[in-house]
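Q: Pasting a predicted model and its sequence here:
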Amino acid sequence: MLSIYANSYLTVAASKAKNHSEGLFSETKPKEYKTFEYKSGELSGQAMAFNLPIDKESGASSYVSLPDEPLSDRGWALQERVLPCRTLLYTKQQMFFECSAGFRGEDGTVLDWRFVNVHDMPDGQDEEKEPDDEGEEDDDPKASLYQSWYSLLWIYGPRKLTKASDKLPAISGLASIFAQRLNDEYVVGLWRSKLLEGLLWQSLRCRRVSDYRAPSWSWASMDGIPGLGVRAPYEEVARILDVNVDLKGKIIYGEVTSGRLRIQAPMERLYLDVKDWDPTKPGFAYDNNPPVRTAHDETHSRFDFDFTADDAPQEALKVVKSLEGKEFFALILLKVKEPDEETYHAVMVKRVDGGDEYERLGFGFIDKKALGCRPELEAQDKFPVITLV
């Protein structure tokens, strides 16, 4: 797939088709155009206008992302959109063309940008550019590439797959391109040199799949949007000691059968604070998330489940029940320097039943008051060592 789509002269996409039998073409209702006289400075003549749906009128991104087209909902199709240089898209209402010069539509849409594309991404091996006329340095191309990967996962996460086990294979082509440009090691959807940051993904409208396809610390273990990337400057508090991933086949970007990560990091005991909490009462979606605190103060946390879904209250109660009589912890990974304060970003973990290894429960961040100490000032080799699976 990678070599075919990335090297194609023109890719034709049946974006409106629900399956292979529907083809490219569909009946469309002709737009009603109104003609009026137009004059602006030395320009004059006739112009044509037509109605737009409110989502397209308010933002051009609805044009480019094509959210209402069936192909935009399929996992494998993301690579087919991102890899080609040029794509002709047949949608329910009209035909679009996109290339590195921009995005064009039959209705007169003209945009100077397009859907995210590997041909327009920087090369992470490029040298940093000289400061501009104002004395500011251009963005680090490698940092831009990592951010591009996180953005692609945001788009890819909620897309549907016929086979749940295809979660990693369906973006293996993209992963291989990023690995080459970043000169970095791919680790179950994350990157070795940014692994501490990558472990801090936040599950947005996510659900774990029943069959194993990735370790709990990887976003690929869930279906839904993985929010990745720490925008503010940070200091690493934890240390990755070892990563071991067992592949199902020979493709390093494909399916895995297991993944273990040895990490040395501060661990803070957490407690459920559910005395006055009732997720079945009407309220904000965040109210479905079981509240958590340390021995010192409350924290912000997000367990790995879809707390916006209709069954979120029941799922939240399952989380609470699963933790009855068990210890769980915040594994402190980074100290993040926000504009007004410094916070510690962590993953919530608990010991696997009947074993010495730990599994991920969710994400959280803790301020200095709730933590009761400053772990970055302590000797790193004094922190506990655990294995995440």
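A: Looks like it arrived, so ask away. Numbering: from 1, shown residues only.

Q: residue ranges of the strands in the stretch 1-150 of the chain, please?
A: 11-13, 34-40, 43-49, 87-90, 95-99, 102-105, 110-111 (DSSP state E, counting those that start in this stretch).

Q: Mind putting those strands into a markdown table with mean pLDDT and distance to E69?
A: (Each C-beta comes from the backbone N, C-alpha and C, glycine too.) Formatted as a markdown table, the strands of the stretch 1-150 of the chain follow (pLDDT from 0 to 100; distance: least, Cβ to Cβ, whole Å):
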| stretch | mean pLDDT | distance to E69 |
| --- | --- | --- |
| strand 11-13 | 97 | 9 |
| strand 34-40 | 90 | 27 |
| strand 43-49 | 88 | 25 |
| strand 87-90 | 96 | 8 |
| strand 95-99 | 95 | 10 |
| strand 102-105 | 92 | 13 |
| strand 110-111 | 87 | 17 |
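
Q: Please convert those strands to JSON lines, extending it with distance to L371 and mean neighbour count.
A: Listed next are the strands of the stretch 1-150 of the chain as JSON lines, based on distance: least, Cβ to Cβ, whole Å; neighbours: other Cβ atoms under 10 Å:
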{"stretch": "strand 11-13", "distance to L371": "50", "mean neighbour count": "18"}
{"stretch": "strand 34-40", "distance to L371": "60", "mean neighbour count": "9"}
{"stretch": "strand 43-49", "distance to L371": "59", "mean neighbour count": "10"}
{"stretch": "strand 87-90", "distance to L371": "49", "mean neighbour count": "21"}
{"stretch": "strand 95-99", "distance to L371": "48", "mean neighbour count": "20"}
{"stretch": "strand 102-105", "distance to L371": "47", "mean neighbour count": "17"}
{"stretch": "strand 110-111", "distance to L371": "47", "mean neighbour count": "12"}
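
Q: Run through who's touching stretch 290-299.
A: Residues from elsewhere that reach stretch 290-299, judged by Cβ atoms under 8 Å, 6 or more residues apart in numbering: 268-274, 277, 279, 301, 303, 316, 319-320, 330, 348, 364-367, 369-372.

Q: Now list the buried members of these.
A: Buried by 16 or more other Cβ atoms under 10 Å: 268, 270, 279, 301, 303, 316, 319, 330, 348, 364-367, 370-371, out of those.

Q: What is the nearest of those residues to P122?
A: Nearest to P122 out of the buried ones among the contacts of stretch 290-299 is F365 (Cβ to Cβ; 30.0 Å).

Q: what sits opposite that closest one in the beta ladder?
A: Bridge pairing for F365 (DSSP bridges) gives the partners H300, H345.
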